[in-house]
Structures are given as C-alpha cells and as structure tokens.
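Trainee: Curious how this folds, go ahead:
(2 chains)
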Protein chains: 2
Amino acid sequence: MLEDKNIPTTPLSEIGEFGLIDRIKQSVKIKNPSTQKGIADDAAVMDFGDKQVVVSTDMLTEGVHFNLAYTPLKHLGYKAIATNVSDICAMNATPTQVTVSIAVSDRFPVEAIDELYTGILLACEKYKVDLVGGDTTSSRSGLVISVTAIGEAKKEDLVYRDGVKEQDLVVVTGDLGGAYFGLQILERENQVFKVNPQVQPDLTPYDYIIGRQLKPEARVDIIELFKKLEVKPTAMIDISDGLASELLHLSEQSGVGFTIYEEKIPLDQQVISAGEEFDMNASIGALNGGEDYELLFTLPLSEFDKIKANPNFTTIGFANNISEGNHLIGRGNTTKVPLSSQGWDSFKRYKENLEKNKD
Amino acid sequence: MLEDKNIPTTPLSEIGEFGLIDRIKQSVKIKNPSTQKGIADDAAVMDFGDKQVVVSTDMLTEGVHFNLAYTPLKHLGYKAIATNVSDICAMNATPTQVTVSIAVSDRFPVEAIDELYTGILLACEKYKVDLVGGDTTSSRSGLVISVTAIGEAKKEDLVYRDGVKEQDLVVVTGDLGGAYFGLQILERENQVFKVNPQVQPDLTPYDYIIGRQLKPEARVDIIELFKKLEVKPTAMIDISDGLASELLHLSEQSGVGFTIYEEKIPLDQQVISAGEEFDMNASIGALNGGEDYELLFTLPLSEFDKIKANPNFTTIGFANNISEGNHLIGRGNTTKVPLSSQGWDSFKRYKENLEKNKD
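Mentor: The predicted model follows:
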C-alpha cells in the first residue's frame, strides 16, 4: 500500500515532530467530562471524583505483532486501541482515555501516519474514549506503537483475576479461534503473493475470520450488558493470548483448577472450515490461538439464570479444586487431557519467525 | 558492556515473556497507598479519592534518544523514569505510579534487561513511584522503551502552560546546558574510541555534565519546595527540548511574549569550559540543547520575595505583551535577537544522524 506511487508522500522530517503533533491535536475531540486536559501540556489531567482509576498498557512492534504486507495501517491503529480498551473491559471498568506513542522509521511518509491515526481516532470514537496524550518519535527501523488506556469504575464493580471460587461456571463471550485462523489465511495468501503477485485471492469465504484478525473489537458492550443484567463476574480476563493461556492465568491467581468441555467452545462456521482446510482441529486454534479479545469470566452457579438465555455468552466448563488440575474434556466425553499454555509469547514468536525466514 | 564475555547471557527466548514478567514482578514493591493493584491483572487500579489524576507518556528509541555505545542500561532505565516523572512535576503534581513497556531484539540477553530494570526500579525508589504495569515484547531491531507516568494533585494546585500573565517573572531551576555538552563530550569520545579502542579517556573534568546527560533527575524536590514556600507558578513546563523551545511553547499557549537575559541563564563552570572547548557560546547550548529536565516557570512579581533568596531558582527574564514578541538580550545588554526554537526534533535528528553516518 505504501508503494502505491499515486499516494502523496511527505517525509516526516519535513513537518517535524511538532508538526505531526499539531496534525494529531487538530483531529482530536474530547468526549469525556472526566478529561480535564488533553494533548497540549506536559501531562493529561483526569478528574474521576471518587471513582477508581484503571490503567493498562500494550506495545505492538512491526514484524512481531503485525505484518504491514497485509495489515492496512488504519486497521492497525484501530486494533491498537481496541486491544487496550479490551484490557480495561476485563476489569469490568469503563474505558475513558488513551495515550498513544509511536516510533516510526523514515520509510513512513506523513500520509501513512495519517492513515494510522485515522484508525486510532475511529476506535476512540467507537469506544467513546479520549486521546489525551502520547509521544511521536523516530525509530531506526520499523513501526512501534505503545498505547496506554485509562478507565474508571466504582470500587465494588472491579473484577480481578483472583476471585474464582470452586464450582463457579466458566463463560466466554462471542466465538473463539477466528483471529488465529484469519492470520493463517493472511499468512498463506501473503506467501502466494510473494511467489506470484498477479494472483488476486478471493478472500470472501474468510471475510469474518480475517476481520477478526485485522479489526477485532473490545467488548465494551458486555460491560454495559453486565450492568443491565445485574451480573458481576467473580473473575475476568480478556482472551488475547488464547483460551488455554488465560484459563491458566485465572487458575494460578485464584488457586483453582478448571474443567473445560471441548464441544462447548464456541466456534464460527468459518473457523471450522478453515480448520479443515489447514488439517487442524479448530478447537485447538481456539485454545491456543490468541487475539480474539473476547472476555473469559467466571460466575457463581446461582447467577446462571441471568445469562443462560443470552446469545452473547457460552458456558464452557466449571472451576474445580486446584488438586484436580486443569483439564480439557474431548468431544463425546471420551478423552481428558491436561490444559497447557501454548499461547502467545513474543520472544518465542520472534525466534520462530527468524527460523522460518531462514528457509 | 554487552560484549563482556564474563557476563552470563541467557537468551530472552529461553525464559519467555511470562518468565520475564515474573522476574520484574518479583522486584517490585508497592509504595503508594493509592496503588490498589499493580502488575498481575489486565490493568492497574488506582484510587485517588477526590484528587485529580495526571498522566504523561514518553517513548525512547535506540539510535535516536540513546546510544548504547556509551549509555549503561542501568542509567538508561533510570533516565526513562526520571524524564516521565519530570513531566508530572511540570504540572505541579506528585508522581505516584509508572508503567513501563519495552521492545527488545534478540541481541539483548536477560542480564541486560535485568540491568535496565535495576535502573528503572532505582528511579522508582528515588521518586517514590510504583511500577504498576507494562508490556514486554520483542522488536526486530534495537531497544524501545515507553513509559507512562501517573500523578495526583489537588485541582487548585495544578499548573498548566497557558497561565502566564504579562510582567510575570520567568524563573528556571538548577543550571542549563549540562546535558547538551555532556552529550557532545560522549559523542566525541565515542568517535575517538572507534578509531583507537585502546585510548582510555579521562572524563573527570566533565563528570558533572556527563552525569547530567546520562542520569538526569526529575525535580520532585521543587514541587515539595513550592508547597513549603507557598508558591504557585502561573505556568510551568519542564526543559526537555531546550530553554528556547519551551519558552516558545509557553508563549504560544499563554498568548504573551518573553524577554530573556543571556547573562542571567544559569551555567555550570563545566558548561562554560565545554563551550570554550567546542568553540561555542555556552548559552546557546543552554538555549537550544535539551534534556536538562529542569523546570521553567512564571510567577507574579508580587511573589518574587518568596523565591529570591533560594539557590534553586534563577530569574532570567519577564513576560511582555505578545505584540513585542520573544527576545534574547545579549550579554552587556548590547544585542536583542528574536528567540527561535532549535530544540529537539526526533525526526530531524534521525535524518541528521543518517547524513552523519554517510560520511
């Protein structure tokens, strides 16, 4: 996309750092009354009255978290905000502000950065959060994006990772594995493209899962739904590294084990089709593939009636005594295997990429 | 330093991302009662009661903001925290928490990251801030550090950039130009080292200014002093990009101009000596060189008595009507030149570095 010669390209060094900040500042509109001061001073100022303030931060690096060969910068900007807002949701808090810092190399013209910020601001609009600050700087190579999201909640509403009780139900929102298989499709088509740039792939059969990879949504709607249903999870985490990895986090911090039923894991039809295409159990993609940004939470059995009829939620198992460990019960209740984390690990991923590129 | 074969080197991929987070988590001790939840959940939680929350963020990239040839990682970690805490101070707020995200390439062993975090935690200790979260990830090349600092203040204590009134005095803390000339010395010695690695430079005559560059301090003490002296500046900014650049920020946001007296700009003896050595007016280094992290603020004339006897403060000029513009009055009151910003611009700096490396 950056190689399209018809797109005007202004070197970043021409407008300079303050020029870039000015461009960003002009596009920002403040939405939250808690935002006292946004971009324009040494720091942003927020007034949360007697609310609790929640802060989360994430860093995305080119070649590790995203590949610009198939990731439009607008989508990337959107995703950077969505994934951080997702962390605030996982606390059962309401996202209110974000700061965005970027490091870019000289190969990115101003227009590319505008694209990135278009996506960032689109997500800010969607999630009703204010962009209140950040930093823009150059890097020797590649693009790095660091987002800090801020949210608020009443103290009694906050949900941590350490509150799971034995016999609690394990529930997930939406469906899983889509982002993982979407990535597999994109990687495959990228390889095909490298060999023959004339091939125009028809990605229509995969539109949903590719969308899950490129433009995931934070489940802010679920936080609102919890309030409406008068539900408060005992523990919650967002699924960024894969279901198995997140379950093990909850297990470790709450001191319980989990029994999960493979046949209950919600899978979209496109995930099942992609699984067949890649000759791979689709549930494994859901268990170990990350980036779905759905919410995983636990609930006392007594609360089940409040959520059972809602299509947003799927109960996939229950919490057991820690001595019984963490297990997956296979389809048809025939097998019982220990849950293990094969989730996202950027350092290991980096090494794998290196090996792959050697071939 | 990383090439010393006696230092044990554990590849990051061996301990993985969660292993690294565990190492960091174990070193962190919570100091602030407002810190409800630190590293361990999707987000950190802070309870500021009815205080205002102040947030600032900065990103440092290798080859642009620091050169590991002469920057020890411990110092780098310290500086990353100090510079962000400095932004909180510039709001007249008290720093309370930080989040730190790093992207590192595989050439950094675990021990190097430990060094970096030793510096980070040392600064957290010094400034009494809690490390409450962050992200650790791999990068394709180089080291990127992104810090978000959080602070608190009563609403009536906050100081912005837009409050300067005509006739206000312009005051700076400490002395200026040290970090700039310290960098010149380090760059020069690095060039000498490249030509002849046997040369052991005697840096003693420059110890103060090199320290200003490698290990700057945030002026948290000044924020406390303001409270003690019952002084509230009308506007304030920290000097990260150079005095001239910061004055122009205050000018633009407050709608006033400034008259600054060159002979009043506080310079250390080592800055004056280094200026002579580099055949350069030392005041120019103070005006245009950044990274001193001193505070620049304005004060009504009526408040002068409260600060005049204090060695931390130097009055360097006054605010005038915006129609008169921004000027520097040369030594001996003989010249009057318009102030112009030649401050730090990372995109321009990057381009300059590229040109330099071509030679």
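Trainee: hey, let's count contacts and neighbours off CA atoms from now on
Mentor: Will do.
Trainee: how near is the most centrally placed residue in chain A to B:Gly142?
Mentor: Note on chain A: the residue nearest the mean C-alpha position is A:Thr83, at 3.5 Å, using CA atoms, centre = their mean. Plainly put, A:Thr83 is 24 Å away from B:Gly142 if you go by CA to CA, to the nearest Å.
Trainee: With A:Gln213 instead?
Mentor: Counting by CA to CA, the separation of A:Gln213 from B:Gly142 is 27 Å.
Trainee: picking that back up, tell me the contacts of the residue nearest to the centre of chain A?
Mentor: A:Pro216, A:Glu217, A:Ala218, A:Ser240, A:Tyr293 (CA atoms under 8 Å, 6 or more residues apart in numbering or on different chains).
Trainee: Which one (most neighbours) among the residues you listed?
Mentor: Using other CA atoms under 10 Å in any protein chain shown as the neighbour criterion, A:Tyr293 leads those with 30 neighbours.
Trainee: correct me, but that one touches A:Ser86?
Mentor: Yes - counting by CA atoms under 8 Å, A:Tyr293 touches A:Ser86, with 6.5 Å between them.
Trainee: any common contacting residues for these two?
Mentor: Common neighbours of A:Tyr293 and A:Ser86, counting by CA under 8 Å, 6+ apart, are A:Glu217, A:Ala218, A:Arg219, A:Asp238.
Trainee: isn't there a helix covering the second one?
Mentor: No - using DSSP: H, G, I helix; E, B strand; the rest coil, the assignment for A:Ala218 is coil, not a helix.
Trainee: Model confidence for it, exactly?
Mentor: In this model, A:Ala218 is scored at 97, pLDDT.
Trainee: how about the nearest residue to it, chain neighbours excluded?
Mentor: Of all residues not flanking A:Ala218 in the chain, A:Ser86 sits nearest, at 4.6 Å (CA to CA, 6 or more residues apart in numbering or on different chains).
Trainee: do the same with the first one
Mentor: Among residues not flanking A:Glu217 along the chain, A:Ala82 sits closest, at 5.7 Å (CA to CA, 6+ apart).
Trainee: Strands of chain A, residue ranges please.
Mentor: With DSSP state E as the criterion, chain A has strands at A:35-37, A:44-47, A:52-61, A:94-104, A:130-138, A:144-153, A:169-173, A:235-238, A:256-261, A:295-299, A:313-321, A:327-329, A:336-338.
Trainee: Now render these as JSON lines, adding mean neighbour count.
Mentor: Output for the strands of chain A, formatted as JSON lines (neighbours: other CA atoms under 10 Å in any protein chain shown):
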{"stretch": "strand A:35-37", "mean neighbour count": "18"}
{"stretch": "strand A:44-47", "mean neighbour count": "26"}
{"stretch": "strand A:52-61", "mean neighbour count": "27"}
{"stretch": "strand A:94-104", "mean neighbour count": "25"}
{"stretch": "strand A:130-138", "mean neighbour count": "26"}
{"stretch": "strand A:144-153", "mean neighbour count": "27"}
{"stretch": "strand A:169-173", "mean neighbour count": "24"}
{"stretch": "strand A:235-238", "mean neighbour count": "28"}
{"stretch": "strand A:256-261", "mean neighbour count": "24"}
{"stretch": "strand A:295-299", "mean neighbour count": "26"}
{"stretch": "strand A:313-321", "mean neighbour count": "21"}
{"stretch": "strand A:327-329", "mean neighbour count": "20"}
{"stretch": "strand A:336-338", "mean neighbour count": "13"}
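Trainee: Check the spacing between A:Arg23 and B:Phe66 real quick.
Mentor: Taking CA to CA, one finds A:Arg23 at 27 Å from B:Phe66.
Trainee: er, A:Phe48 I mean
Mentor: Separation of A:Phe48 from B:Phe66 (CA to CA): 36 Å.
Trainee: Give me the more crowded residue out of these two.
Mentor: Per other CA under 10 Å, whichever of A:Phe48 and B:Phe66 has more neighbours is A:Phe48, with 23 against 17.
Trainee: who's in contact with the more buried one?
Mentor: Applying CA under 8 Å, 6+ apart, the residues near A:Phe48 are A:Ser34, A:Glu152, B:Asp50, B:Lys51, B:Gln52, B:Val53.
Trainee: how about these in JSON lines, adding pLDDT?
Mentor: Converted to JSON lines, the contacts of A:Phe48 look like this (pLDDT from 0 to 100):
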{"residue": "A:Ser34", "pLDDT": "80"}
{"residue": "A:Glu152", "pLDDT": "91"}
{"residue": "B:Asp50", "pLDDT": "79"}
{"residue": "B:Lys51", "pLDDT": "85"}
{"residue": "B:Gln52", "pLDDT": "89"}
{"residue": "B:Val53", "pLDDT": "92"}
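Trainee: closest to A:Leu328 among those?
Mentor: Of all those, A:Glu152 has the smallest distance to A:Leu328: 35.4 Å, by CA to CA.
Trainee: Would you mind listing the residues in contact with the closest one?
Mentor: A:Phe48, A:Lys51, A:Gln52, A:Val53, A:Val54, A:Ala93, A:Thr94, A:Pro95, A:Thr96 are the contacts of A:Glu152 under CA under 8 Å, 6+ apart.
Trainee: Run through the bridge partners of the third one.
Mentor: A:Gln52 forms beta bridges with A:Ala153, B:Asp47, as assigned by DSSP bridges.
Trainee: Perfect, that will be all.
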